[in-house]
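**Student:** Here is a sequence with its predicted model. Questions after.
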Amino acid sequence: MDGVVDHLADERNKAQFDVEEMKIVWAGSRHVFELSDRIARLVASDPVFRKDNRATLSRKDLFKNTLRKAAHAWKRIIELRLSEEEASKLRFYVDEAAFTDLHWGMFVPAIKGQATEEQQQKWLPLAYKMQIIGCYAQTELGHGSNVQGLETTATFDPQTDEFDIHSPTLTSSKWWPGGLGKVSTHAVVYARLITDGQEHGVHGFIVQLRSLDDHLPLPGITIGDIGMKFGNGAYNTMDNGVTRNGKCVRSNVPRQLIYGTMVFVRQTIVSDASCALSRAVCIATRYSAVRRQFGSQNGGVETQVIDYKTQQNRLFPLLAAAYAFRFVGEWLKWLYTDVTQRLQANDFSTLPEAHACTAGLKSLTTTFTADAIEECRKLCGGHGYLCSSGLPELFAVYVPACTYEGDNVVLLLQVARFLMKTVSQLGSEKKPVGTTAYMGRVEHLMQCRCSVQKAEDWLNPNTILEAFEARTARMSVAVAQKLAQFANPEEGFLELSPNLVEASVAHCQLIVVSKFIEKLQQDIPGKGVKELLGMLCNIYALNILHKHLGDFLSTGSITPKQGSLANDQLRSLYSQVRPNAIALVDAFNYTDHYLGSVLGRYDGNVYPKLYEEAWKDPLNDSVVPDGYHEYIRPLLKNQLRNARL
Ligand SMILES: CCCCCCCCCCCCCCCCCCCCCCCCCCCCCC(=O)SCCNC(=O)CCNC(=O)[C@H](O)C(C)(C)COP(=O)(O)OP(=O)(O)OC[C@H]1O[C@@H](n2cnc3c(N)ncnc32)[C@H](O)[C@@H]1OP(=O)(O)O
Ligand SMILES: Cc1cc2nc3c(=O)[nH]c(=O)nc-3n(C[C@H](O)[C@H](O)[C@H](O)COP(=O)(O)OP(=O)(O)OC[C@H]3O[C@@H](n4cnc5c(N)ncnc54)[C@H](O)[C@@H]3O)c2cc1C
């Protein structure tokens, strides 16, 4: 900021907490903060990684530019001898969806999680050096959610000691896999295993797709890109592929680990939600402090839009959620590490809970984040609709997270199965543990009364927790009782699926609230840091309570009066957070390069930069537009009309 006017300086001076310490809390540790900061600057200062032209490039140029960036990134990783942690931050700050995500994020984990020792020794060194490039080919044209419904077959031929991978129909074509369309040389292909004429369910097989000499598809394989996706630029940097069959290399997979890669990726998607959300919130918060509308007294300055209570009521819960998702993401990473270690020791006991948590939290956080990015766009008024705000592209890149790695409703139904199983086991030997431990107090939760009498009573974390637990327990038990009335449980499950999904959402929201409260019980240094986090935790919880008041009231978990007091407390919390809003988004420590938004600039110098940016549009290359002589001039001169008459 040397020599640059900081238009947000007054806002920064208002902060009542230590921003530098909050940056450490956000990053997770001082080590991660310093590393992230260094890599973010490295990326921002490298011209190859510029991204302000993505919306205007043609698909082919966009894609080629992504290939260039990926090759350059890999070169820098090798030259600078970056560690895995540094390389992964570099990918984060380069901020461009590419085949490398699938290679590192799914192909390598699938081999690590599902291949035998011998297979790992063969494939992993090649993959780590990127001497082969892999993708994850599960979804087909006809089936995505229903993995057991995949049609591709892998038939073992004892004569050749090979599997014959076959997609016999159009609908069995692999369709969607990222990186498959134009880049990958190999894939983990999911197919129904057939040996001796017998079926053994869906398994993963490593298949070579393209020649390592000339990149042409191997015989028997038809391969290409599936076409343009939502939004200009955005996810179109990625080649999503279609392919039909081939021969392959043998595989031998333990049944329970087939789904392991999805558990891993869902966990990373939850952590990623806080990044996308915080980015949108940072843009909307800074711009809301810059933007002024109405309220001028005697020709004085107008009101900053961030001071309108309606703006705060829309924006601050999103800010609070960004922090909430950060902490639940940290916890989920711990849970995933724990379950992985157990699996290595053949202990599968915590896998169902890990599956339910990753599926449910992936669904909850991505649905919320996608909606929140769009809300941030609206919070920025008309300028939010400009590509230079960064929000349209962020939305277009982010919104498929609600679908990929499991459609969000399908995933909530998985949580519902887990919840119903937990309820059905209450009173048996098997005690609920982990995130369902609260169900062990179901008798109390079914009849407890919320003690809130005045607005400030809602600041007690135990009060909040009990209201959320009572709501979830009562919703789960109510739907379980309805289910029990069906002679055929699967029929009941289908009929009651909307109620089941609502119970799952309540359960996932409870997990997020409880992990935020747990975070606050840790030692958090820095003046005012814990206090601010406490306010954000209360905003996150009370906003949910307000938005889902129907659930809380219909289950009798709180009274209408208590609901109204929660809302009073929310308004008071907004006033307390307001002076800290800019500092709270500064704590994300995002560079202007990463934010990619004129509205979210650190220095708040929005208007001159918006004007400057507009002139860069290719349409402004000429004063008189291409097409004037053909279409505008004849119109103005009435030549078109005369010609018709
Ligand atoms: C320009 C760029 C430059 C940068 C360059 C830099 C390069 C260098 C970088 C170097 C870095 C090095 C560091 C690397 C760091 C890593 C980076 C990480 C990034 C990660 C990002 C990844 C990218 C994401 C992009 C998006 C990818 C999207 C991919 C996909 O979408 S893949 C396809 C996913 N498909 C689905 O999810 C399908 C959904 N369906 C299902 O999951 C299931 O079928 C089902 C719905 C659950 C099935 O239901 P059924 O009822 O049919 O059940 P079924 O019979 O199958 O199962 C029954 C029992 O099994 C249980 N169960 C089900 N699922 C699971 C599970 N997942 N786990 C455990 N158990 C499960 C189920 O509960 C039943 O149990 P039961 O009730 O007890 O019987
Ligand atoms: C950008 C992007 C990248 C992707 N990358 C990959 C990849 O790398 N590799 C890969 O293998 N796949 C990939 N996919 C595919 C992705 O995993 C699937 O699209 C996803 O799992 C959803 O499956 P589907 O498309 O079959 O949706 P469908 O299941 O057809 O969903 C359609 C609708 O039906 C509803 N529905 C479906 N089943 C049920 C049910 N049982 N009960 C109630 N409602 C239901 C859904 O909620 C949804 O509203 C990608 C997809 C996208 C968009």
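**Tutor:** Looks like it came in fine. Model, not experiment: these values are computed from the prediction. Residues are numbered from 1 along each chain as shown. Ligands and ions are numbered 1, 2, ... in the order given.
**Student:** residues in contact with the closest residue to ligand 2 within the stretch 451-600 of the chain?
**Tutor:** When C-beta to the nearest ligand atom is the measure, the stretch 451-600 of the chain has its nearest residue to ligand 2 at residue 497, with 6.1 Å between them. C-beta here means a position set from N, CA and C on the backbone, and glycine is covered the same way. Residues in contact with residue 497, defined by C-beta atoms under 8 Å, 6 or more residues apart in numbering, are 413, 416.
**Student:** Next: residue 485.
**Tutor:** Residue 485 makes contacts with residue 492, as judged by C-beta under 8 Å, 6+ apart.
**Student:** Point out where the chain drops to low pLDDT.
**Tutor:** Across the chain, the ranges flagged by pLDDT under 70 are 1-3, 245-256, 639-645.
**Student:** Enumerate every residue touching the residue nearest the centre of it.
**Tutor:** Taking C-alpha atoms, centre = their mean, the centroid of the chain lies closest to residue 273, which sits 3.6 Å from it. Neighbour list for residue 273: 325, 329, 365-366, 368-369, 401 [criterion: C-beta under 8 Å, 6+ apart].
**Student:** How about residue 48?
**Tutor:** If you count contacts by C-beta under 8 Å, 6+ apart, residue 48 has them with 68-69, 72.
**Student:** want to throw those residues into a markdown table with secondary structure and distance to ligand 2?
**Tutor:** Conversion of the contacts of residue 48 to a markdown table gives the following (DSSP: H, G, I helix; E, B strand; the rest coil; distance: C-beta to the nearest ligand atom, whole Å):
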| residue | secondary structure | distance to ligand 2 |
| --- | --- | --- |
| 68 | helix | 22 |
| 69 | helix | 19 |
| 72 | helix | 23 |
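**Student:** Show me which helix runs longest in this structure.
**Tutor:** Among the elements of type helix in the chain, defined by DSSP state H, the one spanning the most residues is helix 309-344.
**Student:** Can you confirm whether whichever helix or strand comes after it lies near ligand 1?
**Tutor:** If you walk from helix 309-344 toward the C-terminus, the next helix or strand you reach (DSSP states H and E) is helix 351-379. Yes - when contact is scored as C-beta under 6 Å from any ligand atom, part of helix 351-379 falls within range of ligand 1: 351-352, 355.
**Student:** so which of those is the most crowded?
**Tutor:** For the residues of helix 351-379 next to ligand 1, the largest number of neighbours (other C-beta atoms under 10 Å) sits with residue 355, at 21 neighbours.
**Student:** What sits closest to it if chain neighbours are left out?
**Tutor:** residue 263 (6.0 Å; C-beta to C-beta, 6 or more residues apart in numbering).
**Student:** I'd like to know how far that neighbour sits from ligand 1.
**Tutor:** Using C-beta to the nearest ligand atom, to the nearest Å, we find residue 263 at a distance of 5 Å from ligand 1.
**Student:** Spell out which parts of the stretch 101-250 of the chain neighbour ligand 1.
**Tutor:** 101, 104-105, 136, 138-139, 144-145, 147-148, 178.
**Student:** And residue 176, its phi and psi?
**Tutor:** Note on residue 176: its backbone torsions stand at phi 120, psi -30 [degrees, to the nearest 10].
**Student:** Now for it, how many residues are close by?
**Tutor:** Using other C-beta under 10 Å as the criterion, the residues surrounding residue 176 number 20.
**Student:** Quick one: the strands in the stretch 101-250 of the chain, in order.
**Tutor:** 134-137, 153-157, 162-166, 174-178, 186-195, 198-208, 222-225, 240-244, 246-248 (DSSP state E, counting those that start in this stretch).
**Student:** Next up, the contacts around residue 406.
**Tutor:** Residues touching residue 406, when contacts are defined by C-beta under 8 Å, 6+ apart, comprise 145, 262, 266, 359, 362-363, 414.
**Student:** Count residues in the vicinity of the residue in the chain that ligand 1 sits nearest to, would you?
**Tutor:** With C-beta to the nearest ligand atom, the shortest gap between the chain and ligand 1 falls at residue 105, namely 2.8 Å. Around residue 105 sit 19 other residues, with neighbours defined as other C-beta under 10 Å.
**Student:** Once you drop chain neighbours, what's closest to it?
**Tutor:** In space, residue 105 is closest to residue 265, 6.2 Å off (C-beta to C-beta, 6+ apart).
**Student:** pretty sure that neighbour contacts residue 110?
**Tutor:** No - the criterion here is C-beta atoms under 8 Å, and residue 265 misses it with residue 110 at 9.7 Å.
**Student:** ok, the two, which is more surrounded?
**Tutor:** The neighbour count for residue 265 versus residue 110, taken as other C-beta under 10 Å, is higher for residue 110 (27 against 22).
**Student:** still on that earlier bit, next, the residue nearest to residue 105: secondary structure please.
**Tutor:** In terms of secondary structure, residue 265 is helix; the call rests on DSSP: H, G, I helix; E, B strand; the rest coil.
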